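Peer 1: Dropping the sequence and predicted coords here.
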Amino acid sequence: MKYLRMYIKYTLRYTLKPLSFVPALVMMYLIYSFSGQSGTESSSLSYDVGFHFYDLINNLFALDLSSSQIANYALNNQFYIRKAAHITEYFLLAMSVSLPLYVYKIRGFKLSFLATLFCVLYAFLDEYHQSFSYGRSPQLRDVAIDSIGIIAGVIIVRIIGFIGRKTVFRSLSEEYEEQKAA
């Protein structure tokens, strides 16, 4: 059992730890590619997502809505779909930025501050990038909406980290505290 624990610890530390930044890079690329879409492409994507969402709701709850009614709901709620997408994108970015910081032993207020700062700066850069896309314009309101997702993502990572330290990784956490005290 001791050797298995040492092997897992070694694998996590030297193999997986450096790869912990990959999800953040993937999310940054996805956000960048969505921002590079023209206004027409972005609207079409929002409409398609809305149509599929309302179609799913229609089927799940047997609402018997016609295709034209579903299309009307999708069209009328594009604004909310776009803003929900902003929150979701930046929620995932904040989580994927916070986790590597946590893995590299950045905790507490410092983790919250660094992850939030990085993600908000990326949100500003994202809005600036949108200014170069045809039919799109940068909006400070979008950065504020992105910040909702950012704060939620950072809080979730802090909660997961706290629970993990108290349960799953308790022995490793105690071992780290002993090394730190010595």
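Peer 2: Great, that's in hand.
Peer 1: Helices along the protein, start to end?
Peer 2: Per DSSP state H, the chain carries helices over the ranges 2-11, 22-35, 39-60, 67-76, 78-103, 108-130, 140-166, 170-181.
Peer 1: Now do the contacts for the residue nearest the centre of the chain.
Peer 2: Geometric centre of the chain, nearest residue: Leu92, 0.8 Å, by CA atoms, centre = their mean. The contact partners of Leu92, by CB atoms under 8 Å, 6 or more residues apart in numbering, come to Met27, Gly149, Gly153. (Each C-beta comes from the backbone N, C-alpha and C, glycine too.)
Peer 1: can you rerun that using 7 Å?
Peer 2: Met27, Gly153 (CB atoms under 7 Å, 6 or more residues apart in numbering).
Peer 1: how close does it get to Leu125?
Peer 2: 17 Å (CB to CB, to the nearest Å).
Peer 1: ok, now Leu93?
Peer 2: With distances taken as CB to CB, Leu93 is found 12 Å from Leu125.
Peer 1: So between the two, which is more surrounded?
Peer 2: Leu93 (27 against 14; other CB atoms under 10 Å).
Peer 1: confidence score at the residue nearest to the more buried one when sequence neighbours are not counted?
Peer 2: Among residues not flanking Leu93 along the chain, Met27 sits closest, at 4.4 Å (CB to CB, 6 or more residues apart in numbering). With respect to pLDDT, Met27 has a value of 98.
Peer 1: go on, the one 10 residues further on?
Peer 2: Reading off the per-residue confidence, Gln37 sits at a pLDDT of 92.
Peer 1: separation between the closest residue to it other than its chain neighbours and Glu127?
Peer 2: Spatial nearest neighbour of Gln37, chain neighbours left out: Ser133 (6.5 Å); criterion: CB to CB, 6+ apart. Separation of Ser133 from Glu127 (CB to CB): 11 Å.
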